[in-house]
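Novice: just coords:
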């Protein structure tokens, strides 16, 4: 399992798929389904300080991921997911995501289908944590960049 320890700040993330010629935007407005979940948990809070959709408020997340050094490779993996599953509501079965992670991921977790297991808030840094804790269970994120490369995350569970 990779542990991301570098801490850095950012205002908002752009979770839109990255094309071959696109570059990550700094401080731009998020687009697509992932941004709708919002990295801003200040809206929609009800009793107990939980957001209405439960995103971003849990203590632990169970996730799988694909990590690639090159943007072109992560885009290829994402296209494979889109062709097979993402066009059907961003839901990719765990077994299918695992096959693509084993094929494309450059992380040691790729051998285990990208499985990172359960991890607490604060263990992963920056964009990886934001996307992990703001992606609905069963949904696959769009590609995004961190200091470690380009990722796609499948959120498998959340708990407090």
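Specialist: Received it, and whenever you're ready, just let me know what you need. Please read all numbers here as calculations on a predicted model, not as lab measurements.

Novice: CA atoms for contacts and neighbours, from now on please.
Specialist: Fine.

Novice: Who are the packing partners of the longest helix belonging to the chain?
Specialist: When the chain is parsed with DSSP state H, its longest helix is helix 71-84. Judged by 3 or more Cα pairs under 8 Å, 6 or more residues apart in numbering; DSSP states H and E, helix 71-84 is in contact with strand 60-68, helix 94-104, strand 149-159.

Novice: quick one: average pLDDT of it?
Specialist: For helix 71-84, the mean pLDDT works out to 91.

Novice: That one to strand 60-68, inter-axis angle?
Specialist: When axes from the mean of the first three to the mean of the last three Cα atoms, to 10 degrees is applied, the directions of helix 71-84 and strand 60-68 differ by 120 degrees.

Novice: Check the burial of residue 80 by counting its neighbours.
Specialist: If you count neighbours by other Cα atoms under 10 Å, residue 80 ends up with 14.

Novice: That should have said residue 92, apologies.
Specialist: Neighbour tally, residue 92, other Cα under 10 Å: 20.

Novice: got a pLDDT number for residue 125?
Specialist: On the pLDDT scale, residue 125 is placed at 83.

Novice: gap between it and residue 132?
Specialist: Residue 125 sits 10 Å away from residue 132 when distances are taken as Cα to Cα, to the nearest Å.
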